[in-house]
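Participant: Please find the sequence and the predicted model below.
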Amino acid sequence: MTRHIRWTLVAFSLSVFAFACDRGKAEAEKKAAEAEQQAQETTITAARVKAEEEEAKLKMARAEERSHLQKQLDAHERKADYLKDKAAKTAGATKQNANAAISELNARLASAKESVGKLADDTSPAWDAAKSAAANDLAAVERATDSLEQTLTKKKK
(Lines give C-alpha, C1' and ligand atoms only; values in the text may rest on other atoms or scores of the structure.)
Protein backbone atom coordinates (compact mmCIF):
# COMPACT_ATOMS: atom_id res chain seq x y z
CA MET A 1 0.00 0.00 0.00
CA THR A 2 2.76 2.39 0.74
CA ARG A 3 3.92 1.78 -2.72
CA HIS A 4 0.55 2.80 -3.97
CA ILE A 5 0.63 6.00 -1.93
CA ARG A 6 4.09 6.83 -3.21
CA TRP A 7 3.02 6.39 -6.82
CA THR A 8 -0.05 8.49 -6.18
CA LEU A 9 2.07 11.23 -4.64
CA VAL A 10 4.50 11.10 -7.56
CA ALA A 11 1.65 11.24 -10.06
CA PHE A 12 0.05 14.12 -8.16
CA SER A 13 3.38 16.02 -8.07
CA LEU A 14 3.88 15.49 -11.78
CA SER A 15 0.41 16.73 -12.58
CA VAL A 16 0.91 19.85 -10.42
CA PHE A 17 4.28 20.43 -12.08
CA ALA A 18 2.75 20.01 -15.55
CA PHE A 19 -0.05 22.40 -14.67
CA ALA A 20 2.48 24.97 -13.41
CA CYS A 21 4.51 24.59 -16.62
CA ASP A 22 1.41 25.09 -18.77
CA ARG A 23 0.49 28.15 -16.75
CA GLY A 24 4.01 29.55 -17.09
CA LYS A 25 3.91 28.89 -20.82
CA ALA A 26 0.60 30.73 -21.14
CA GLU A 27 1.98 33.69 -19.19
CA ALA A 28 5.08 33.77 -21.37
CA GLU A 29 2.93 33.73 -24.52
CA LYS A 30 0.76 36.51 -23.08
CA LYS A 31 3.84 38.63 -22.30
CA ALA A 32 5.23 37.98 -25.79
CA ALA A 33 1.93 39.07 -27.35
CA GLU A 34 1.88 42.24 -25.24
CA ALA A 35 5.47 43.02 -26.25
CA GLU A 36 4.57 42.51 -29.91
CA GLN A 37 1.55 44.79 -29.59
CA GLN A 38 3.64 47.47 -27.88
CA ALA A 39 6.25 47.21 -30.65
CA GLN A 40 3.53 47.67 -33.28
CA GLU A 41 2.14 50.70 -31.44
CA THR A 42 5.63 52.20 -31.25
CA THR A 43 6.12 51.66 -34.98
CA ILE A 44 2.76 53.27 -35.74
CA THR A 45 3.55 56.22 -33.49
CA ALA A 46 6.95 56.69 -35.13
CA ALA A 47 5.36 56.61 -38.59
CA ARG A 48 2.75 59.15 -37.49
CA VAL A 49 5.43 61.49 -36.11
CA LYS A 50 7.45 61.17 -39.33
CA ALA A 51 4.39 61.95 -41.44
CA GLU A 52 3.62 65.02 -39.30
CA GLU A 53 7.21 66.24 -39.68
CA GLU A 54 7.06 65.81 -43.45
CA GLU A 55 3.73 67.65 -43.57
CA ALA A 56 5.21 70.51 -41.54
CA LYS A 57 8.20 70.71 -43.91
CA LEU A 58 5.86 70.74 -46.90
CA LYS A 59 3.75 73.52 -45.37
CA MET A 60 6.87 75.57 -44.67
CA ALA A 61 8.16 75.11 -48.21
CA ARG A 62 4.78 76.07 -49.64
CA ALA A 63 4.59 79.15 -47.41
CA GLU A 64 8.03 80.24 -48.61
CA GLU A 65 7.02 79.71 -52.24
CA ARG A 66 3.78 81.62 -51.74
CA SER A 67 5.73 84.47 -50.09
CA HIS A 68 8.16 84.54 -53.01
CA LEU A 69 5.35 84.71 -55.57
CA GLN A 70 3.56 87.41 -53.53
CA LYS A 71 6.77 89.49 -53.48
CA GLN A 72 7.03 89.17 -57.25
CA LEU A 73 3.42 90.26 -57.63
CA ASP A 74 3.98 93.25 -55.34
CA ALA A 75 7.04 94.30 -57.35
CA HIS A 76 5.08 94.10 -60.59
CA GLU A 77 2.25 96.14 -59.06
CA ARG A 78 4.68 98.87 -57.97
CA LYS A 79 6.22 99.01 -61.43
CA ALA A 80 2.76 99.03 -63.03
CA ASP A 81 1.68 101.95 -60.82
CA TYR A 82 4.79 103.89 -61.82
CA LEU A 83 4.17 103.20 -65.51
CA LYS A 84 0.47 104.13 -65.21
CA ASP A 85 1.46 107.49 -63.69
CA LYS A 86 3.95 107.97 -66.51
CA ALA A 87 1.29 107.03 -69.10
CA ALA A 88 -1.13 109.61 -67.66
CA LYS A 89 1.36 112.33 -68.67
CA THR A 90 1.56 111.25 -72.31
CA ALA A 91 -0.53 112.43 -75.24
CA GLY A 92 -1.57 111.42 -78.74
CA ALA A 93 -0.91 107.99 -80.21
CA THR A 94 1.39 107.07 -77.35
CA LYS A 95 -1.46 107.67 -74.89
CA GLN A 96 -3.84 105.46 -76.92
CA ASN A 97 -1.27 102.65 -77.11
CA ALA A 98 -0.48 103.08 -73.42
CA ASN A 99 -4.19 102.88 -72.49
CA ALA A 100 -4.52 99.62 -74.43
CA ALA A 101 -1.41 98.25 -72.71
CA ILE A 102 -2.77 99.38 -69.32
CA SER A 103 -6.03 97.55 -69.95
CA GLU A 104 -4.11 94.36 -70.74
CA LEU A 105 -1.88 94.86 -67.70
CA ASN A 106 -4.89 95.37 -65.38
CA ALA A 107 -6.47 92.15 -66.62
CA ARG A 108 -3.22 90.23 -66.10
CA LEU A 109 -2.77 91.72 -62.62
CA ALA A 110 -6.29 90.72 -61.58
CA SER A 111 -5.70 87.17 -62.80
CA ALA A 112 -2.35 86.97 -61.01
CA LYS A 113 -3.83 88.28 -57.74
CA GLU A 114 -6.52 85.61 -57.92
CA SER A 115 -3.97 82.88 -58.67
CA VAL A 116 -1.67 83.90 -55.82
CA GLY A 117 -4.70 84.09 -53.51
CA LYS A 118 -5.48 80.42 -54.23
CA LEU A 119 -2.12 79.48 -52.71
CA ALA A 120 -3.31 80.44 -49.21
CA ASP A 121 -4.47 76.87 -48.47
CA ASP A 122 -1.20 74.97 -47.97
CA THR A 123 -3.01 71.65 -47.63
CA SER A 124 -4.94 71.80 -50.89
CA PRO A 125 -4.35 68.74 -53.08
CA ALA A 126 -4.34 71.02 -56.12
CA TRP A 127 -1.70 73.36 -54.61
CA ASP A 128 1.00 72.44 -57.14
CA ALA A 129 -1.35 73.16 -60.04
CA ALA A 130 -2.35 76.47 -58.44
CA LYS A 131 1.34 77.35 -58.01
CA SER A 132 2.00 76.63 -61.65
CA ALA A 133 -0.97 78.79 -62.69
CA ALA A 134 0.23 81.61 -60.43
CA ALA A 135 3.73 81.44 -61.91
CA ASN A 136 2.28 81.56 -65.44
CA ASP A 137 0.06 84.52 -64.52
CA LEU A 138 3.03 86.37 -63.03
CA ALA A 139 4.99 85.76 -66.22
CA ALA A 140 2.07 87.23 -68.19
CA VAL A 141 2.03 90.27 -65.87
CA GLU A 142 5.74 90.74 -66.47
CA ARG A 143 5.25 90.61 -70.24
CA ALA A 144 2.37 93.10 -70.02
CA THR A 145 4.46 95.42 -67.84
CA ASP A 146 7.36 95.22 -70.28
CA SER A 147 4.98 95.94 -73.16
CA LEU A 148 3.65 99.07 -71.41
CA GLU A 149 7.19 100.18 -70.64
CA GLN A 150 8.21 99.74 -74.27
CA THR A 151 5.17 101.69 -75.40
CA LEU A 152 6.10 104.57 -73.13
CA THR A 153 9.79 104.63 -74.08
CA LYS A 154 9.40 104.51 -77.87
CA LYS A 155 11.12 107.44 -79.51
CA LYS A 156 8.97 109.76 -81.57
CA LYS A 157 9.99 109.94 -85.24
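Facilitator: Sure thing, it's come through.
Participant: so who does Leu83 touch?
Facilitator: 102, 105, 145, 148-149, 152 (Cβ atoms under 8 Å, 6 or more residues apart in numbering). Glycine gets a C-beta too; all of them are placed from N, C-alpha and C.
Participant: how about 7 Å then?
Facilitator: Listed by Cβ atoms under 7 Å, 6 or more residues apart in numbering, the contact set of Leu83 reads 145, 148-149, 152.
Participant: Report the buried members of these.
Facilitator: Buried by 16 or more other Cβ atoms under 10 Å: 145, 148-149, 152, out of the contacts of Leu83.
Participant: Determine the three-state secondary structure at Ser124.
Facilitator: Following DSSP: H, G, I helix; E, B strand; the rest coil, the label given to Ser124 is coil.
Participant: tell me the contacts of it?
Facilitator: Ser124 touches Ala130, counting by Cβ under 7 Å, 6+ apart.
Participant: same thing but 10 Å
Facilitator: Neighbouring residues of Ser124 by Cβ atoms under 10 Å, 6 or more residues apart in numbering: 62, 118, 130.
Participant: Could you list which of the residues you listed belong to helices?
Facilitator: Members of the contacts of Ser124 lying in helices (criterion: DSSP state H): 62, 130.
Participant: which one of the contacts of Ser124 is nearest Ala26?
Facilitator: Ala26 lies nearest to Arg62 out of those, by Cβ to Cβ, at 53.7 Å.
Participant: thought Thr123 was touching Ala56?
Facilitator: No - in this structure, Thr123 is not within contact of Ala56 by Cβ atoms under 10 Å, at 11.4 Å.
Participant: Run through the chain and note the low-pLDDT ranges.
Facilitator: For the chain, residues meeting the criterion pLDDT under 70 lie at 1-24, 155-157.
Participant: Pull out the buried positions in the strand or helix carrying Ala112.
Facilitator: Using DSSP states H and E, Ala112 sits within helix 92-117. Neighbour counts over helix 92-117 (16+ other Cβ under 10 Å) mark 97-99, 101-102, 104-105, 108-109, 111-112, 115-116 as buried.
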